[in-house]
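Asks: Sequence first, then the predicted structure, then my questions.
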Protein chains: 2
Amino acid sequence: MTRREFLFRAAAVGGSSLLLNTMNAWGMGIASTAHAPPPLSGSGKGKKVAILGAGLAGMTAAWELSKLGYQVEVLEARLFAGGRCQTARKGFSLQELGGESQSCRFDEGMYINHGPWRIPLDHQSTLYYTRQFEVPLEVMVNDNDHAWVYMEDAGAFSKKRLRQEQVKADMRGHVAELLAKSVQGRQLDAQLTADDQVLLLDYLAHEGALTTKDLVYRGRNGAGYAVNPGAGMNPGRLSDPLGFRELLASKVGKVYSAVQEFPMHATMFQPVGGMDRIAQAFAKRLGKKIRYGQEVQAIRQSPGKVGIKVKDTASGALSTVEADYVLCTIPLSVLRSIDTDFSDKFKAAMKGVSYAPVGKIGLQMKRRFWEEDDQIYGGHVLTDMKGINTISLPSTGWQQKKGVVLGYYHYALDAIEVSALTPAERAEFAVAAGEKIFPAYRDAFENAFSVAWHRVKYNLGGWAEWDEAGRKSAYPVLLEGEGRVLLAGEHLSYLTGWQAGAIESAWQQIEQLHRRASA
Amino acid sequence: MTRREFLFRAAAVGGSSLLLNTMNAWGMGIASTAHAPPPLSGSGKGKKVAILGAGLAGMTAAWELSKLGYQVEVLEARLFAGGRCQTARKGFSLQELGGESQSCRFDEGMYINHGPWRIPLDHQSTLYYTRQFEVPLEVMVNDNDHAWVYMEDAGAFSKKRLRQEQVKADMRGHVAELLAKSVQGRQLDAQLTADDQVLLLDYLAHEGALTTKDLVYRGRNGAGYAVNPGAGMNPGRLSDPLGFRELLASKVGKVYSAVQEFPMHATMFQPVGGMDRIAQAFAKRLGKKIRYGQEVQAIRQSPGKVGIKVKDTASGALSTVEADYVLCTIPLSVLRSIDTDFSDKFKAAMKGVSYAPVGKIGLQMKRRFWEEDDQIYGGHVLTDMKGINTISLPSTGWQQKKGVVLGYYHYALDAIEVSALTPAERAEFAVAAGEKIFPAYRDAFENAFSVAWHRVKYNLGGWAEWDEAGRKSAYPVLLEGEGRVLLAGEHLSYLTGWQAGAIESAWQQIEQLHRRASA
């Protein structure tokens, strides 16, 4: 049997996960587990699958299962598709549980992705569908060293705006100089050969931009100029390096990493026009397979069937949908309080994960002062200001008149506290913080749209947060599903909080569903 | 006198450069010298300026002087405007001196910016005009850690494809571990207080992603996964770190910097559709003020006048244009061989700079294999392969079918050698190199367009390259101009080779011209 034949056999027997394991075992390293839907053979003709939730997991499953011949019916409580894949633009409305109703008042063309807002290059599953469905992408500037860092508690640099590039450059220059001195002082003779010491000094001189003669850090143009070079008799003037001791004491060097952690790698993308372009691309193709305004009330299994009791949110009328299988993509935070006949073990597993409190606010600004005054084009302004975390600047509409700034993006306790405020109070909270960094902030502010995902009825949280114990005990139980009900969503992946988690979970679970249905 | 009044006085007396110096002296640090054209008062009415060359310097001057009332006439040898600000797309043709004629055969919508291709955020002068003229911009991915590095001579890593992110992460992890060990071994007690040592260890653990317990580098997810995390029971598997000694010996760590040097800072831009959109935006507004196909033959000054002898490139007819002042933006490499009555001193100064041999090639690929097979979206593949330097991937048309790859971008001797090849030979040279890195390269290749700027008639080089001696002696002479002839262009700036150099030089020289004309 050739390797290739063996791999086909492995795929046939154990599906793509066995295929993958086999390939890995052979050292045929492939970067990602899931660049494309599982290659399923056979047919789903004559079998009906009810899919609960028209988020990306549900729609992915519906699309792929339809192609295989299954009859699919997607039950969606909201009046639109996408789940958390939402974009707030003029007219988009949201009423949080127990909160005021907000209707987005942004100008035409302005928007905020208040749910997912980034597509990392490593998320080939998400990129599979943007390509298939021809959803135009643009670069989302996720890393901008020219943006400010503004710390209220950073010693000598407290309440000062620093360019990230300067902190990075000077911190690395000083550290490289220190290590170079150690080498020159013969302090590393035990660890490094003479040859390696030469190579290391060479690297450090490069890495830290040390002077070649005496291996000292005296600044570098990457840290920025005090006066940029220009025409005529202007060669520019470098900025003075920030002091090593002040930098260390400020801990501002820890705000960054030399290396972007996975999955924050560039190149980062966003759909042109808003993240919900992806949801819309699915929804358009699924058409009437999605039934909107259908709130799941109960799930009951009987031999060979599953019954879903749904309430029409407009009329209040109750009805029951019957199916051979159910793929439930409802977040566990919500599913936990739906009436089901799941086993105690399964119900306990559903409680084995917590959901992240997450808040975001979009602030429409009548002038792009971050570009015009500060030459910051996209990226994140990092801060230790309580409840703010990051102020992120739009990666679209370069040099135009207006823009929508992400005024905060917070989690955990910060998110809980700020979510207790009214929408107007949240806006004031965000503006009061932002104007400490950008003098033009308050003047430019026009209106806001905010979300606290843990207060959103059909979500009750930003994303699933597993701890180690939950991953060990509850997670495998949920992955198995129960009877004819299988689960899918970002919560059943190691990519929680990402659209790729939802899509890849759907791919994984439809493979399981198809195997069961074909058995 | 208030500060403000004083600054106005300084500007009136000494122009914007004195204003700037004064502000700098007062510590009123402003990032760049030139965010906007000089604020000139008075009028140029009744005075005629002949501008030689419709590149960005010439068109900037023409546009700004027109607004001030000057009668301007731009004499351009080519049949189109832009100078080096060119974009090759279907039908664009080029005949290098002594070379074959090339006509670009790219598909509709495909292009290569074979001249300038990047607009750094610090180049606020260029961005001033893209904003004024509403030239849409998109991000040019100038920094992509997911791209390959491929070195033929790098010890254990020779002829292997490495992700830049892995080299960066592992190199920095190992170095941080080494310095942490020095601190722990009490070898830095003389240089650092105990408190600072604690802070430094904390920083190093963060910077190098060291394990917190024993400060050892054991890999990090920023270096990439061998298997990406996904859905179900797949938490992913980290790649093994590259060895420190192998990394040192390979010198591959020196291919990158922790900090992008100015002006390579992100956010980098390119105009949507091609760099020549900027040239076209100027040309459209200048209309008939530009006369095309007018080759300058001679420059003669007489009291109060300048005469420019021009040849119509279509008819061969000679004529003379008279003006009160001339702004000459012709590259010095070309101007040196034009018949002028400049003084010996001025002529000598014109020879005090060399011009860079520079070559680029665009390769149309029928499939975006770098995205589809290798998940590389834009950025540069760095290599030590002779004559290649970088293979750069397009920052536009994400996920579409075809794309144009920059197959090489080289200078100096490499550029000279490769420019001796025919266009077809250059393409073969580039493809033969590229297929060592990308297996699909040759199969996907469709057609090519190349340029060797030192062989282009009206340029004779990529950009001016000043050495220190030239900057001291020749440069100030040229900045003064001679009589009623002033010079402008990237060569008269500290931003040589950049469009911003051309624009800011024009801004600087029209200020001088206006001062002389108003005297």
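Replies: Cool, got the structure.

Asks: Which strand residues bridge A:Gln364?
Replies: A:Gln364 forms beta bridges with A:Val404, A:Asn447, as assigned by DSSP bridges.

Asks: A:Asn447 is in contact with that one, correct?
Replies: Yes: taking C-beta atoms under 8 Å as the definition, A:Gln364 is a contact partner of A:Asn447 at 5.3 Å. (C-beta placed from N, C-alpha, C; glycine too.)

Asks: More neighbours: these two, which one.
Replies: A:Gln364 (21 against 18; other C-beta atoms under 10 Å in any protein chain shown).

Asks: part of a helix, is A:Leu327?
Replies: No: A:Leu327 is assigned strand when assessed by DSSP: H, G, I helix; E, B strand; the rest coil, not a helix.

Asks: would you list every one of the strands in the stretch 201-350 of chain A?
Replies: Ranges of strands in the stretch 201-350 of chain A, per DSSP state E, counting those that start in this stretch, are A:225-227, A:237-238, A:268-271, A:290-291, A:294-302, A:305-312, A:318-323, A:325-328, A:339-340.

Asks: Same list, those, but as JSON lines with mean neighbour count please.
Replies: Converted to JSON lines, the strands of the stretch 201-350 of chain A look like this (neighbours: other C-beta atoms under 10 Å in any protein chain shown):
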{"stretch": "strand A:225-227", "mean neighbour count": "19"}
{"stretch": "strand A:237-238", "mean neighbour count": "16"}
{"stretch": "strand A:268-271", "mean neighbour count": "24"}
{"stretch": "strand A:290-291", "mean neighbour count": "18"}
{"stretch": "strand A:294-302", "mean neighbour count": "18"}
{"stretch": "strand A:305-312", "mean neighbour count": "18"}
{"stretch": "strand A:318-323", "mean neighbour count": "15"}
{"stretch": "strand A:325-328", "mean neighbour count": "27"}
{"stretch": "strand A:339-340", "mean neighbour count": "14"}
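
Asks: so which of these gets nearest chain B?
Replies: Each of the strands of the stretch 201-350 of chain A has some distance to chain B by C-beta to the nearest C-beta; the shortest is strand A:225-227, at 5.5 Å.

Asks: Check the spacing between the closest residue to A:Tyr256 other than its chain neighbours and B:Glu76 real quick.
Replies: Of all residues not flanking A:Tyr256 in the chain, A:Lys168 sits nearest, at 5.8 Å (C-beta to C-beta, 6 or more residues apart in numbering or on different chains). According to C-beta to C-beta, to the nearest Å, A:Lys168 stands 44 Å off from B:Glu76.

Asks: likewise A:Ala420?
Replies: From A:Ala420 to B:Glu76 the distance is 65 Å (C-beta to C-beta).

Asks: Give me the more crowded residue out of the two.
Replies: Comparing A:Ala420 with B:Glu76 by neighbour count (other C-beta under 10 Å), the higher total belongs to B:Glu76, at 27 against 12.

Asks: ok, for that one, nearest residue in space, not its chain neighbours?
Replies: Nearest non-adjacent residue to B:Glu76 (C-beta to C-beta, 6+ apart): B:Ala54, at 3.7 Å.

Asks: what is in contact with A:Gln364 and A:Asn447 at once?
Replies: A:105-106 (C-beta atoms under 8 Å, 6 or more residues apart in numbering or on different chains).

Asks: need the contact list for the residue nearest to A:Tyr256.
Replies: Counting by C-beta under 8 Å, 6+ apart, A:Lys168 has contacts A:145, A:253, A:256, A:258, B:258-259.

Asks: Adding distance to B:Trp117 and neighbour count, write those out as JSON lines.
Replies: Converted to JSON lines, those look like this (distance: C-beta to C-beta, whole Å; neighbours: other C-beta atoms under 10 Å in any protein chain shown):
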{"residue": "A:Asp145", "distance to B:Trp117": "21", "neighbour count": "23"}
{"residue": "A:Gly253", "distance to B:Trp117": "33", "neighbour count": "25"}
{"residue": "A:Tyr256", "distance to B:Trp117": "28", "neighbour count": "19"}
{"residue": "A:Ala258", "distance to B:Trp117": "27", "neighbour count": "22"}
{"residue": "B:Ala258", "distance to B:Trp117": "24", "neighbour count": "22"}
{"residue": "B:Val259", "distance to B:Trp117": "22", "neighbour count": "27"}
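
Asks: Using TSV, lay out the residues you listed together with distance to B:Ala36 and pLDDT.
Replies: Output for the contacts of A:Lys168, formatted as TSV (distance: C-beta to C-beta, whole Å; pLDDT from 0 to 100):
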residue	distance to B:Ala36	pLDDT
A:Asp145	25	92
A:Gly253	35	92
A:Tyr256	32	81
A:Ala258	36	73
B:Ala258	33	73
B:Val259	29	78
